[in-house]
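J.: Provided below are the primary sequence and the corresponding predicted coordinates.
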Amino acid sequence: MFQKLLFIFLLLSSSGSFAQSNDGQVMMQMRDGKIYFDNTYTLEADLKKEDLFNKALNWFKNSFPYPDKNISIADSTKGEINGTGIFKIITSNSGHYYWIRFAINIIVHNATYELKAFDFYEKPVESGISNEYSKIEYRWWDFRQGKPWSAEDKILFKGLDEDINSMLLTLEEKMSK
C-alpha cells in the first residue's frame, strides 16, 4: 500500500515541473508557470573546478553563433558564468523565423556543474508582425491551452525544445571529456 501511495505522490509531484502541449509532443521544464531549465550534473570525481570552468566558458563562446549572445559574468573564482544565449528557429518555408533569447547561468564545482536557462523572450521576424522581443510565456500558455497565436507555434515550440535539449547535451559532452 505504501509503495502505491509513494508512486502516486511521485507521479503527481513530478507533473508540476514539466508542461506539454495538448498533443503531447512538446515538453518544457517549467517553474512558476515559466519556461525554466535547472539541471545539475555530476561528473567524474577527478574533474577540477578550474578545468570545468574553462570548458564551460569555451562551450559558451562557441555555442551561439548569433550576434546577440553575450557573457556578462565569467568569474573563475566563484566558478560562475552568466550570459545571454540565442537561438534562431525557422518556422516556415517562406522564411519566417524567431529569435529566442534567454539568460544562462552556469556554476561549476569540482566534479559537478549546474546550468540554468530562464527569462525566455521571442522575436518574430516576418512582415506584418512587431519585431520586438516579448516574453514567451504568454504564447506558451495559450499554446498549451489549445489556443496557438499562429499556425507556426507548434514548429516554434518544437524547435525551442530541440534546441534546448541539444544545448544541454553539447554542454554535457564538453564537460565530461
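T.: Alright, I've got the coordinates.

J.: For this protein, just list every one of the helices.
T.: 2-14, 49-63, 137-144, 153-176 (DSSP state H).

J.: number of nearby residues for residue 171?
T.: Residue 171 has 21 neighbours, counted by other C-beta atoms under 10 Å. The way it works is simple: take the backbone N, C-alpha and C, and place the C-beta from them, glycine included.

J.: Could you tell me how many residues sit around residue 73?
T.: Residues near residue 73, counting by other C-beta under 10 Å, number 11.

J.: and if you look at residue 161?
T.: 18.

J.: cool, residue 82 as well?
T.: Quick note: residue 82 (other C-beta under 10 Å) scores 17 neighbours.

J.: again, but for residue 115
T.: Residue 115, neighbours per other C-beta under 10 Å, totals 21.

J.: Wait, it touches residue 105, no?
T.: Yes - using C-beta atoms under 8 Å, residue 115 is in contact with residue 105, at 7.3 Å.

J.: Tell me which of the helices of the chain sits nearest to residue 96.
T.: Nearest to residue 96 among those is helix 153-176 (9.3 Å), distances taken as C-beta to C-beta.

J.: Go through the closest one and flag the buried ones.
T.: Applying a neighbour-count criterion of 16 or more other C-beta atoms under 10 Å, one finds 153-161, 163-164, 167-168, 171-172, 174-175 buried in helix 153-176.
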